[in-house]
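> When you get a sec, could you give me coordinates for this:
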Amino acid sequence: MNPILELTRELVARPSVTPDDAGCQALMTGRLEALGFRIESLPFGDVDNFWARLGDQGPVFCFAGHTDVVPPGPTDEWHSLPFVPEVKSGWLYGRGTADMKASLAAMIVACERFLAGNRPRGSIAFLITSDEEGPAQDGTRAVMEHLQARGETIHYCLVGEPSSASRLGDTVRIGRRGSLSGDVTVRGIQGHVAYPNLARNPVHDVLPILAELANTRWDDGNAHFPPTTFQVSNISAGTGFRNVIPGELEVKFNLRYCTEQSMEGLTRRIGALLDAAGLDYTVAWRDAGRPFLTAPGALTRAVSDSIEEVAGIVPEFSTGGGTSDGRFIAPTGTQVVELGPVNASIHKVNERVQIDDLDPLARMYEGILRRILG
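Down below sits the predicted model:
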């Protein structure tokens with residue numbers, strides 16, 4: 001019997017499409033209660049979260065993750081039903097196998113093994129949400145605000161996101177870029193296309209600005225982050241008729257920015273450009289997370305040494321990829337890393353994890369616990 005495989009299968013069989021937890025957290029907390037963890041249910045809005053802690057002393061090492069998954073997509077394109085986990089040719093198939101129920105199972109088993117022969121020099125904690133794949137407002141963000149309000153501190157945090165690129169442990173995330181989105185509405189004057197002198201076309205007004213933003217070299221990045229990027233994701237205008245100049249335009253865009261920039265600086269710069277064009281506009285900003293970076297230290301050494309011990313490779317430390325809930329934990333001063341399975345199939349049809357990677361992942365997690373709290 002492979003205990004990580006069995007627990008992963010039990011988790012995958014629960015159709016926890018965000019924000020529905022579908023009983024995954026109850027399965028986890030049952031195992032943790034048996035180890036002596038104090039369990040605290042922290043629901044916010046429609047989101048289930050829990051905080052579990054074993055021990056009263058510092059330092060606090062926290063496993064963080066999410067039980068929610070993205071929708072499976074067209075089920076007829078799956079090899080098997082997405083919430084009926086199936087083992088085939090050395091792989092476990094099912095929605096959430098890689099992102100990130102295999103990691104959750106490995107965290108639980110790693111704790112069971114570690115605590116069987118060790119008394120931690122500090123505390124072990126779990127911060128688990130069902131709102132990572134969704135709006136991410138009532139999940140880890142809300143839990144961290146709750147913990148901060150009562151003065152609770154996390155010193156080290158391992159997020160189980162699928163960080164590996166081609167083999168388990170080859171890549172560890174030590175930071176993420178910031179994500180800033182803007183929704184701009186520009187008002188013109190609707191009119192007949194034959195009489196442009198009697199109208200003002202907001203499309204014509206905005207296109208040069210968008211071209212300038214798209215061609216801007218915001219920075220050159222730095223030793224840890226790639227350069228800041230700007231992307232338009234949606235443009236909407238017009239009535240659908242070819243002979244009507246639109247009276248309004250809506251543009252949605254996103255910046256993924258490095259530590260060379262700040263959210264305040266970016267909003268000022270774009271606002272100044274819109275102002276200079278003399279537009280009648282409004283803009284709604286959404287701060288999806290500031291950039292963070294975990295400097296070399298006790299946690300990165302423990303992670304690297306554990307991966308080398310189990311897999312015989314030295315991992316690459318990276319800040320690539322999208323966002324994760326680490327962005328809500330790191331600003332408190334916590335050292336945060338992300339280590340999990342190979343990410344090639346996440347959010348895709350036929351999501352899968354290699355069965356031979358499950359026990360090594362748990363041993364990596366156990367090795368990190370041993371180096372930090374053993």
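> Now do the contacts for the residue lying closest to Pro15 once chain neighbours are set aside.
Ranked by C-beta to C-beta, 6 or more residues apart in numbering and with sequence neighbours excluded, the top spatial neighbour of Pro15 is Phe83, at 4.3 Å. C-beta coordinates here come from the backbone N, C-alpha and C atoms, glycine included. Residues in contact with Phe83, defined by C-beta atoms under 8 Å, 6 or more residues apart in numbering, are Val12, Ala13, Arg14, Pro15, Pro72, Gly94, Arg95.
> Who wins on neighbours among those?
Gly94 (31 neighbours; other C-beta atoms under 10 Å).
> for the helix or strand containing Ala272, what is the average pLDDT?
Per DSSP states H and E: Ala272 is located in helix 263-276. Helix 263-276 carries an average pLDDT of 97.
> partner strands of the helix or strand following it, parallel or antiparallel?
From helix 263-276 onward toward the C-terminus, using DSSP H and E, the following helix or strand is strand 280-289. Strand 280-289 has these partner strands in its sheet, going by DSSP bridges: strand 178-187 (antiparallel).
> following the partner strand, which helix or strand shows up next?
Helices and strands here follow DSSP H and E; after strand 178-187, the next one along the chain is strand 191-192.
> would the residue nearest to Pro15 count as being in a helix?
No - inclusion of Phe83 in a helix is not indicated when DSSP: H, G, I helix; E, B strand; the rest coil is applied; the result is coil.
> Which strand or helix spans the closest residue in space to Asp305 that isn't next to it in sequence?
Excluding its sequence neighbours, the residue lying closest to Asp305 (C-beta to C-beta, 6+ apart) is Arg371, at 6.3 Å. Counting by DSSP H and E, the element that carries Arg371 is helix 358-373.
> Just checking the distance from that helix to the centre of its chain.
The chain centre lies 22 Å from the centre of helix 358-373; the measure is C-alpha atoms, centre = their mean, to the nearest Å.
> and it, what other elements does it pack with?
Applying 3 or more C-beta pairs under 8 Å, 6 or more residues apart in numbering; DSSP states H and E, one finds that helix 358-373 makes contact with helix 3-12, strand 60-66, helix 102-117, strand 156-159, helix 298-311.
> Output the ones you listed in JSON lines; the columns should cover mean pLDDT and distance to Gln148.
Conversion of the helices and strands packed on helix 358-373 to JSON lines gives the following (pLDDT from 0 to 100; distance: least, C-beta to C-beta, whole Å):
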{"stretch": "helix 3-12", "mean pLDDT": "98", "distance to Gln148": "29"}
{"stretch": "strand 60-66", "mean pLDDT": "98", "distance to Gln148": "13"}
{"stretch": "helix 102-117", "mean pLDDT": "97", "distance to Gln148": "23"}
{"stretch": "strand 156-159", "mean pLDDT": "98", "distance to Gln148": "14"}
{"stretch": "helix 298-311", "mean pLDDT": "98", "distance to Gln148": "20"}
